[in-house]
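model the structure of this input:
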Amino acid sequence: MSTEHTAGDFSTGELRLLAEAAAYLENPSLLMQLANAVGKPLEFVVRTVDKVAPGRVEEAVQAVDYEISRMGRAAAESALPRAAWRDGSVPASLLASVGPEAKNIGDALRLAVWRRVTRGG
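Below is the predicted model of the structure:
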């Protein structure tokens, strides 16, 4: 099985999701910057933010859900954990950065985000 993909191998929704994931990794959110700056686990920061500004985390999650729903059913379904694209093979460039434990593209993206968050960059 090949681990190389071209843009033609992915649907528009999959390409958009990959682009958004890459943008997220390259531009961490304010919450992630706060977590990195104070060296605290993300859960602590979320709890703290929710204490200081009750409901803001929930509002942010609702805003993301709303934006995904506006993109249509296919986009919403592509964001689900059971989305078919997540079982695809891992591109060699991503596999090199996350290691052989990534069994599919979904695993690889989760590992890449986790490592980015826990290593602060």
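
once you drop chain neighbours, what's closest to the spatially most central residue of the chain?
The centroid of the chain falls nearest to A21 when counting by CA atoms, centre = their mean (4.9 Å). The spatially closest residue to A21, leaving aside those adjacent along the chain, is L109, at 5.8 Å (CB to CB, 6 or more residues apart in numbering). (Each C-beta comes from the backbone N, C-alpha and C, glycine too.)

E20 is in contact with that neighbour, correct?
No: with contacts counted by CB atoms under 8 Å, L109 stays clear of E20, the gap being 10.8 Å.

the two: which is more packed in?
Remark: of L109 and E20, L109 carries more neighbours, 20 against 11, as counted by other CB atoms under 10 Å.

tell me the SS of the more buried one?
Using DSSP: H, G, I helix; E, B strand; the rest coil, the structure places L109 in helix.

could you measure from it over to V61?
L109 is 19 Å from V61, where distance means CB to CB, to the nearest Å.

quick one: G99 from E58, how far?
Plainly put, G99 is 35 Å away from E58 if you go by CB to CB.

where does this structure dip in pLDDT?
Along the chain, the model assigns pLDDT under 70 to residues 1-9, 24-43, 45, 120-121.

strands along the chain, start to end?
Along the chain, counting by DSSP state E, no stretch forms strands.

now the helices for it?
With helices called from DSSP state H, the chain shows them at 12-26, 30-38, 42-52, 56-70, 73-78, 92-98, 105-119.

kindly reformat the ones you listed as a markdown table containing distance to A84.
Formatted as a markdown table, the helices of the chain follow (distance: least, CB to CB, whole Å):
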| stretch | distance to A84 |
| --- | --- |
| helix 12-26 | 9 |
| helix 30-38 | 29 |
| helix 42-52 | 29 |
| helix 56-70 | 17 |
| helix 73-78 | 8 |
| helix 92-98 | 18 |
| helix 105-119 | 10 |
